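Enquirer: Provide a 3D model corresponding to the input given below.
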Amino acid sequence: MIVREYEEDEITVHRFPLLLMGGLIAITLALTSAVSFGFFERQAIPSEARAASGATATATRSLLFFDERDGTVRVEDAASREEIARFGPGTGGFVRTTVRSLVYQRRVNGIGRAVPFELIEWDNNMLTLRDTTTGESVELGSFGKGNRTTFANFLENRSN
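Expert: Residues are numbered from 1 along each chain as shown. A predicted model of the protein is given here:
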């Protein structure tokens, strides 16, 4: 076995990358502060943007979501109690995640599952899943066309 003894190596860091990193941090802090102090407008809140533009609901449906013992998620129309969709274990990941985030807020606030969620399609082609009990909502178009389509199908399966 060959054992080598290294002399004390001098570790050098070039100045230019350090200056770039420091500059990036300074710009980030400056922009964050500018937004916090009102020099730049914050991003629009979807509900406020809809109100300002006068967007109206074109379709609405009240939905109930159930976790079955076998891991299946069942979606029902709240009015007719008709089953709209069923997602077995390993499928419907976006539906599971979206609804669980809203259910978590209900649990934190001590609200049960009796009140349905509201799925709303707006005339500007946006789609919102809203929990009227907590005021929380999820803008479904923000997660891609495929995920939006999954929820849009819940509106299309109407019998009335």
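Enquirer: could you identify the longest strand within this structure?
Expert: Taking residue count as the measure and DSSP state E as the definition, the longest strand of the chain comes out as strand 57-67.
Enquirer: which helix or strand contains the residue lying closest to residue 53 once chain neighbours are set aside?
Expert: Closest residue in space to residue 53, ignoring its immediate chain neighbours: residue 124 at 6.9 Å, by C-beta to C-beta, 6 or more residues apart in numbering. In this view, the C-beta of every residue, glycine as well, is placed from N, C-alpha and C. Residue 124 is located outside every helix and strand, with elements delineated by DSSP states H and E.
Enquirer: hmm, residue 124 is touching residue 55, no?
Expert: Yes. When contacts are counted by C-beta atoms under 8 Å, residue 124 is listed as touching residue 55 (4.8 Å).
Enquirer: ok, those two, which is more surrounded?
Expert: Neighbour tally, residue 124 and residue 55, criterion other C-beta atoms under 10 Å: the higher count belongs to residue 55, 16 against 13.
Enquirer: so where's the chain uncertain?
Expert: Low-confidence segments of the chain, defined by pLDDT under 70, span residues 1-10, 157-160.
Enquirer: which SS class is the residue nearest the centre of it?
Expert: Of all residues in the chain, the one closest to the mean position by C-alpha atoms, centre = their mean is residue 138, 5.5 Å from it. Here residue 138 is strand, with the state taken from DSSP: H, G, I helix; E, B strand; the rest coil.
Enquirer: thanks a lot, catch you later.
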